[in-house]
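Student: Sequence and predicted model, in that order:
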Amino acid sequence: MTGDSLFLYGTLLHPPVYRAVAGADLAGEATELAEHAVLTAVAPDGRSLAFPLFAPAAGQVARGLLVRPDAAARERLDFYERVFGYDPAPVQVMTAAGPQRAVIYQPRQSLWQGGAPWSLADWATTHGDHTAEVVAEVMALRGIATPEAILQRYGMLGARVASRRRARAEPAPATLRSVPGPDDVQVHDLRRPYTWFFGVEEADLSFRRFDGASSATVTRAGFIMADAVTVLPYDPIRDTVMLVEQFRFGPFARGEANAWSLEPIAGRIDPLETPEAAARREALEEARLTLATMHPVARYYVSPGAVTEYLASYVGIADLPPSAEGVSGLEVEAEDIRAHVISFARLMDLVASGEAANAPLLISAQWLALNRDRLRGQGA
């Protein structure tokens, strides 16, 4: 089917997405398919999903674009659709010149139901630019990973793209540090030897030195991770905090005698999710806890020499009776998380003894020590 025309009806009609997938600009002929509709896909649990579903619909007309990509673009399009379990299938569409045979990408099995009509314009406003960047990440893995492996990584790819977009949008104050110019870092070669839960990037680059000259080409490598949040729940009435405890691979891999870590509630920020919303969601998932006022603590890199992970830390006001303790977590993520409700004084004892050895916990505890009287006076 390589030489066939393609009937496009969904996210590939967004020019930046098509360009990222096909490696060519989007151009085609307006086309219709009777007795069908483009609907919002609905998951088995009733959630509306961002992508569309092409479905039979009596009396309706599905509108799209008929394109004829060259062999290279078609191979890229087929690869991209295979990632999500879509294969080309024959179809007859109506064009200005009359009926014409074409090919449409259809899912291999009915995983979703059709919901409300899907709007390309609405989707592009909220998801278009983000998706185009995620698609570029997907296509960069062509020839490196199988479609099945890429699908498993898709959520993390989206989270990393969201982190990159968030970094570009956030202010970058420079009252003491240098103000960089657009050419102050030159990347000569970029490699991605590993991409899974986190990625590894290795670059040959040069950078502007403080004397104004360009450095020699150097090789740098880093772990590419998505932005995350932490929140330390605090009850100003009882003067208590909640810590969560769980097994952590990092201390285990380092050889720690005890790989169970005391931490604030924490988690990755989902694509298109705000840090505060992520903190509230994680509090519900990890501790069945609803937070009231959220107080920003700091935003910071954990280890900027080699790790892109960027944290937004909060102290969240909550009701913390002893009954708030317990074990929870998402089974689908193999989480086994125990919540402890302890006094503020006990928290500071843990900091002093070294049992609290988690950077976000130490930072949040020190912030709380500085602001505790104010929060207690306000009751929030």
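Tutor: Arrived safely.
Student: What are the boundaries of the strands in the stretch 251-380 of the chain?
Tutor: 260-263, 265-268, 294-301, 310-317, 326-328, 337-343 (DSSP state E, counting those that start in this stretch).
Student: what's next to stretch 123-135, contact-wise?
Tutor: Residues outside stretch 123-135 that contact it (C-beta atoms under 8 Å, 6 or more residues apart in numbering): 11, 14, 16-17, 19-21, 50, 52, 80, 154, 157-158, 161-162, 164-165, 271-272. All C-beta spots, glycine's among them, are computed from the backbone N, C-alpha and C.
Student: Output the strands of the stretch 251-380 of the chain as CSV; include the columns mean pLDDT and mean neighbour count.
Tutor: Shown next, in CSV, are these (pLDDT from 0 to 100; neighbours: other C-beta atoms under 10 Å):
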stretch, mean pLDDT, mean neighbour count
strand 260-263, 96, 18
strand 265-268, 95, 22
strand 294-301, 97, 16
strand 310-317, 98, 23
strand 326-328, 84, 14
strand 337-343, 95, 17
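Student: Residue 178 is nearest to which of the ones you listed?
Tutor: Of all the strands of the stretch 251-380 of the chain, the one in closest proximity to residue 178, counting by C-beta to C-beta, is strand 294-301 (16.8 Å).
Student: Pick out the residue closest to the middle of the protein.
Tutor: residue 159 (1.5 Å; C-alpha atoms, centre = their mean).
Student: picking up where we left off before, report the buried members of the contacts of stretch 123-135.
Tutor: 11, 14, 16-17, 20-21, 52, 80, 157-158, 161-162, 164, 271 (16 or more other C-beta atoms under 10 Å).
Student: farthest pair in these?
Tutor: Largest pairwise distance in the buried ones among the contacts of stretch 123-135, by C-beta to C-beta, is 25.8 Å, between 52 and 164.
Student: okay, residue 93: pLDDT?
Tutor: Listed pLDDT for residue 93 reads 90.
Student: Ok, residue 3 next?
Tutor: 56.
Student: Give me the distance between the two termini of stretch 210-224.
Tutor: One end of stretch 210-224 to the other measures 27 Å (C-alpha to C-alpha, to the nearest Å).
Student: can you give me the mean pLDDT across that stretch?
Tutor: pLDDT averaged over stretch 210-224 gives 96.
Student: mind showing which ranges of the stretch 1-150 of the chain have poor pLDDT?
Tutor: In the predicted model, the stretch 1-150 of the chain carries pLDDT under 70 at residues 1-3.
Student: Strands of that one, start to end?
Tutor: 6-8, 29-42, 48-67, 86-95, 98-107, 113-117.
Student: mind checking how far the first one is from the chain centre?
Tutor: By that I understand strand 6-8. 29 Å (C-alpha atoms, centre = their mean, to the nearest Å).
Student: got the contact list for residue 93?
Tutor: 7, 31, 32, 33, 64, 66, 99, 100, 102.
Student: same thing but at 7 Å, please
Tutor: 7, 31, 32, 33, 66, 100, 102 (C-beta atoms under 7 Å, 6 or more residues apart in numbering).
Student: beta partners of the third one?
Tutor: Put plainly, it is residue 32. The bridge-partner assignment for residue 32, based on DSSP bridges, gives residue 63, residue 94.
Student: Surely it touches residue 65?
Tutor: No - judged on C-beta atoms under 7 Å, residue 32 makes no contact with residue 65 at a distance of 10.6 Å.
Student: Go through the strands of the stretch 1-150 of the chain and pick out the most buried.
Tutor: With neighbours defined as mean count of other C-beta atoms under 10 Å, the strands of the stretch 1-150 of the chain peak in mean count at strand 6-8, which reaches a mean of 24.
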